[in-house]
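[1] Okay, predicted coordinates and the sequence, questions at the end:
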Amino acid sequence: MFYRTDYFEQAGVRVEEILTWEDFIEAGEKVAATCTTPNGDPVMMLPIAPTGTNFYRMLLLQLGQGFFDGEGRTILNTDASIKALTMEKKIFDSGIALSYNGWDEYEGTVANESVATIPEAVWMIGTIKDKAPQTSGKWGVMNMPAFSTGENQGATNGGSLLAINAKTKNAEMAKKFVEFAMTDEQLLVDGFTNYGLYPSYIPVYSNEIFDQGDEFFGGQKVYKTFIEIGKVIPAINYTEHFAEALDTVGSSVTKVLLEDADVQETINKLQSDLTSKFGK
């Protein structure tokens, strides 16, 4: 979770005291009551897209679950799913969230300095530096709050993959290149140093480059935080149906956040709709 150190200090919020999402809501209320943006508007604690799935999926993953189980069966009518959506609704209704729609508005929350935190993946570092250079030295990185003290704080958003076209004439050469591009440690260090490309190859994290502080983040060793939290992120099964499921899940999130639909009933219908669509 990226956070604005200046807003926290102004509101009297201490990072080490935000252990749970309940703590987070309490801190957000202090921020909204105390801090203002350069335009004079109240600072909200975090951005939430009421028509999207990102935050719900992060909360769900913290509880160790995705949309599907290991056999590809839809598993959205679970206690974890209800707990995740209920928490998102509670945070949204508490008045500490800034609604946004689409990527441009999401970037705008950074550029306009309108939020105090952004729960996001490591790649957000580049966006923050690019869209809000005037905020250099005012950001920090912390673990996301958990549902309860001592529970998992890790989640993911995003990811990437490489694929080789089945009809390529040079499949073996392509495979060798992919292996080189993804595992050559010097190449990965150069990509990180010159272009900010955070690698996925775990052995390269032992390189001293990842132990350096970042002045934009007040000298904090931000990448060490991501390396450590990456070790406890639960693994989930995405399946070939994940992308298709997103729209249906997003509609369910919207009904709960904007139309006050009952969480249990909404989750049950979501489970039924996706099971009918995918056959399991």
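    Happy to help now that I have it.

[2] Could I get the buried residue list for stretch 259-276?
    Neighbour-count burial for stretch 259-276, with 16 or more other C-beta atoms under 10 Å as criterion, is recorded at 261, 263, 266-267, 269-271, 273-274. C-betas here are computed from N, CA, C, even on glycine.

[3] I'd like the distance from it to the chain centre, please.
    23 Å (C-alpha atoms, centre = their mean, to the nearest Å).

[4] the longest helix in the chain is where?
    helix 242-259 (DSSP state H).

[5] after that helix, next one along is what?
    Sequence-wise, the next helix or strand downstream of helix 242-259 (DSSP states H and E) is helix 263-278.

[6] Tell me which other helices or strands that next one touches.
    helix 79-93, helix 242-259 (3 or more C-beta pairs under 8 Å, 6 or more residues apart in numbering; DSSP states H and E).

[7] wait, which of the ones you listed is closest to residue 17?
    Closest approach to residue 17 among the helices and strands packed on helix 263-278 (C-beta to C-beta): helix 79-93, 17.3 Å.

[8] and residue 50, what pLDDT?
    pLDDT, residue 50: 96.

[9] What is the burial count for it?
    19 (other C-beta atoms under 10 Å).

[10] Show the contacting residues for the closest residue to it other than its chain neighbours.
    Closest residue to residue 50 apart from its sequence neighbours, by C-beta to C-beta, 6 or more residues apart in numbering: residue 257 at 4.3 Å. The neighbours of residue 257, taking C-beta atoms under 8 Å, 6 or more residues apart in numbering as the test, are 48, 50, 88-89, 92.

[11] Of the residues you listed - the most surrounded one?
    residue 88 (25 neighbours).

[12] That one and residue 242: what is the separation?
    19 Å (C-beta to C-beta, to the nearest Å).

[13] swap in residue 150?
    Counting by C-beta to C-beta - residue 150 and residue 242 are separated by 30 Å.

[14] More neighbours: which of these two?
    Neighbour count, other C-beta under 10 Å: between residue 150 and residue 242, residue 242 has more, with 14 against 8.

[15] How about the contacts made by that one?
    Each residue near residue 242 by C-beta under 8 Å, 6+ apart is listed here: 67-68.

[16] and it, how far is that from residue 124?
    For residue 242 relative to residue 124 (C-beta to C-beta), the value is 21 Å.

[17] Same check on residue 43?
    On the measure of C-beta to C-beta, residue 43 and residue 124 end up 18 Å apart.

[18] and the residue of the chain positioned farthest from its centre, helix, strand or coil?
    Largest separation from the mean C-alpha position in the chain: residue 169, at 38.3 Å (C-alpha atoms, centre = their mean). Counting by DSSP: H, G, I helix; E, B strand; the rest coil, the backbone at residue 169 sits in coil.

[19] and stretch 91-104, how far from the chain's centre?
    Counting by C-alpha atoms, centre = their mean, stretch 91-104 comes out at 14 Å from the chain centroid.

[20] Could I get the average pLDDT for that stretch?
    96.

[21] Next one, pLDDT for residue 231 please.
    89.

[22] residues in contact with stretch 208-228?
    The set of residues external to stretch 208-228 that reach it, using C-beta under 8 Å, 6+ apart, is 5, 122, 125, 128-129, 136-143, 189, 192-193, 198, 204-205.

[23] Using PyMOL, define a selection of the buried residues within those.
    Applied in PyMOL, the following selects the buried portion of the contacts of stretch 208-228 according to 16+ other C-beta under 10 Å:
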select buried, resi 5+122+125+128+129+138+139+140+141+142+143+189+192+198+204+205
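
[24] Which ones among the contacts of stretch 208-228 map onto helices?
    Using DSSP H, these in helices are 5, 125, 128-129, 189, 192-193.

[25] Residue 32 contacts residue 45, correct?
    Yes - contact between residue 32 and residue 45 holds when scored by C-beta atoms under 8 Å: they sit 6.7 Å apart.

[26] Neighbour count: those two, which is higher?
    residue 45 (28 against 20).

[27] wouldn't that one be in contact with residue 118 here?
    No - the pair residue 45 / residue 118 is not scored as a contact, 10.0 Å apart, by C-beta under 8 Å.
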